[in-house]
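K.L.:
Got a predicted model here, sequence first, then my questions.
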Amino acid sequence: MAGVLQGAGVSPGVGAGPVLRVAGDVPEPPAGDRHGGDAAAERAAALAALEAVAADLEARGERAAAAGNTDGRDVLNAQALMARDPGLADGVGAKVGEGVAAARAVFEAFGVYREMLAGAGEYLAARVADLDDIRDRAVARLLGLPVPGVPESDEPFVLVARDLAPADTAVLDPAQVVAFVTEEGGPTSHTAIIARTMGVPAVVALPGAVSLADGTRVLVDGAAGTVRIDPSEEEVRSARAAAAARGSALAEFTGPGATADGHEVPLLANIGGPKDLEQALANGAEGVGLYRTEFLFLDRATPPSDAEQEEAYRKVLEAFPAGRVVVRTLDAGADKPLAFLPAPGEEPNPALGERGVRMSVRHPDVLAAQLAALARAATDLTVKLQVMAPMVTDAADAAWFAGQCRDAGIEHPGVMIEVPAAALRARDVAAEVEFFSIGTNDLTQYACAADRQVGGLARLQDPWQPAVLDLVAPAAAAGVPCGVCGEAAGDPALACVLVGLGVTSLSMSAPSLPLVRAALAKHTLEQCREAAAAARAARTAGEARDAARVHLPGLADLGL
Ligand SMILES: C=C(OP(=O)(O)O)C(=O)O
Ligand SMILES: [Mg+2]
């Protein structure tokens, strides 16, 4: 393979290095596979493979903890314990004693545990995936296949995968991964969001990505969406120089967000927890516009304790004594599955199922505990705490949520506008709450009927679609402050358009803040309004982009 591959650029920057792929599925060792007769050697090989898996998981856990990710370490240590379970070792030994080959014996012994767990209620059933992961790692070692999961390397690499789940990325070291490339995943998939949060260049929806061989050198341009195979040194140097030049152009703009004529637009950060604060502050965030609290609940069988929640929330609230922090209550379901809050039944379309506030209505105790922890965390602090619900559809949802907030002593309730019905009837919804925050990722998914997890639909998952802008307009005009916290807010040109539509604050992954700050500072409010009108008058996303740029001449000066 040679040349340049084109995907969707979702996190700007340039990264070059050798490809390392997240290995694919490990095949089931055939039933009836027998060993050659030396049962002792075969048993020893099987147990050595399990021990190697346990040691590897522990080592990864230590590295995760050293990088500040103690939750990641706990998950990995729990998996290591499963791999060393003496009952499991006995099961493997017994199968080998019957003549079954080591890999098949491991597979069958795990099968017994798997069935036990799967039938033991929701909490334990959710651990089946962890068990399968350990089994596949051990089987891969015994069969000499690549070990599944995120690879490790002594030198920095470009991580290539079909797609990345939030749990895969929990243990990634941003110093090791110079870029992400995935075959699946749209611009608003969690791979894209995590890449932006980590400040790692990323290209998603790249056809043929997983056919890139390990070790192939590539140059990834996360702004252009390109992956150049076997780049020359000169190509790498000039791509890096261009990225650096843009960086220094942006460094000129500092301070609170405002247009060239002084119209203030607070620039806030999207975060997943306290670990993202440093980067938010370093990029001049004026507060937090979206605290995605699901990350605290991810990959665990039981919800965090009240004290654990309060501590995490307080750390975030304390970081902005003179600013605001907008916390989103749990958005469980669909692309953010939580083990302890499974869907009530089989959902053929999880994105249209019980997620977000719909799940909170089903489990009001989980919401009440979260709101109470937030209220306690904010006690005696000067920060303005605002709390919003995801996936609100109508005024009834909004009224219910505002009532729950009032009961918990939360003073500033709001809702996300990410369902087209809520945008179209924004005035009714606004009567119930204090503020809106538009989630353009989901709003685009629902307006264009394009699942945000499906890579092949990237063309439709584009917030420049004029229909999406038509939905932003009524929400921004509904009479309550209206921010945007979807990924659209981090696109410098679209940020100007959103301000032109009447949006009052913008919240984005921290590395995008300097780009948006500079783009706003280069244009007047009137230019933003003209760009918005031109974009809405266009017929397609591409035409909207081009039409808006005509009114935003300062973007070119910034190399954008
Ligand atoms: C900000 C949003 O929320 P999330 O991406 O977490 O669904 C959105 O939908 O735009
Ligand atoms: Mg959303």
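P.N.:
Sure, I can see it. Ligands and ions are numbered 1, 2, ... in the order given.
K.L.:
What are the structural domain limits within the chain?
P.N.:
By the assignment in the TED database, the chain contains the domains 4-23+150-240, 39-143, 265-343+350-558.
K.L.:
so which of those gets nearest ligand 1?
P.N.:
Nearest of the domains of the chain to ligand 1, taken as C-beta to the nearest ligand atom: domain 265-343+350-558 at 2.8 Å. In short, each C-beta sits where N, CA and C put it, glycine included.
K.L.:
Tell me if that closest one is near ligand 1.
P.N.:
Yes. Using C-beta under 6 Å from any ligand atom, a contact is recorded between domain 265-343+350-558 and ligand 1, made by Leu290, Arg292, Asp331, Glu418, Gly439, Thr440, Asn441, Asp442, Cys485, Gly486.
K.L.:
The stretch 51-200 of the chain: strands as residue ranges?
P.N.:
Defined through DSSP state E, counting those that start in this stretch, the strands belonging to the stretch 51-200 of the chain, from first to last, are 157-161, 177-182.
K.L.:
can you give me the angle the last one makes with strand 157-161?
P.N.:
Orientation check (axes from the mean of the first three to the mean of the last three C-alpha atoms, to 10 degrees): strand 177-182 against strand 157-161 gives 20 degrees.
K.L.:
Can you point out the buried residues in strand 177-182?
P.N.:
Within strand 177-182, the residues scored as buried using 16 or more other C-beta atoms under 10 Å are Val177, Val178, Ala179, Phe180, Val181, Thr182.
K.L.:
who's the first one bridged to?
P.N.:
When you say that, I think you mean Val177. Each beta-bridge partner of Val177 is listed here, defined by DSSP bridges: Phe157.
K.L.:
residue boundaries of the helices in the stretch 251-400 of the chain?
P.N.:
Secondary structure of the stretch 251-400 of the chain (DSSP state H, counting those that start in this stretch): helices at 277-282, 294-297, 306-318, 357-362, 364-378, 395-408.
K.L.:
Among the strands of the stretch 51-200 of the chain, which comes closest to ligand 2?
P.N.:
Among the strands of the stretch 51-200 of the chain, strand 177-182 comes nearest to ligand 2, with 19.7 Å by C-beta to the ion.
K.L.:
Measure how far that closest one is from the centre of its chain, please.
P.N.:
Strand 177-182 sits 14 Å away from the centroid of its parent chain (C-alpha atoms, centre = their mean, to the nearest Å).
K.L.:
what packs against that strand?
P.N.:
When contacts are defined as 3 or more C-beta pairs under 8 Å, 6 or more residues apart in numbering; DSSP states H and E, strand 177-182 packs onto strand 14-21, strand 157-161, helix 190-198, strand 202-204, strand 217-221.
K.L.:
Turn the domains of the chain into CSV, columns for mean pLDDT.
P.N.:
Listed next are those as CSV, based on pLDDT from 0 to 100:
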stretch, mean pLDDT
domain 4-23+150-240, 86
domain 39-143, 83
domain 265-343+350-558, 95
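K.L.:
Using JSON lines, please lay out those together with distance to Ser248.
P.N.:
JSON lines is the format used below for the domains of the chain (distance: least, C-beta to C-beta, whole Å):
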{"stretch": "domain 4-23+150-240", "distance to Ser248": "13"}
{"stretch": "domain 39-143", "distance to Ser248": "28"}
{"stretch": "domain 265-343+350-558", "distance to Ser248": "11"}
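K.L.:
Same list, these, but as CSV with distance to ligand 2 please.
P.N.:
Supplementary listing: these in CSV, determined by distance: least, C-beta to the ion, whole Å:
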stretch, distance to ligand 2
domain 4-23+150-240, 8
domain 39-143, 22
domain 265-343+350-558, 4
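K.L.:
Val14: neighbouring residues, count only.
P.N.:
The local packing count at Val14 equals 21, with neighbours defined by other C-beta atoms under 10 Å.
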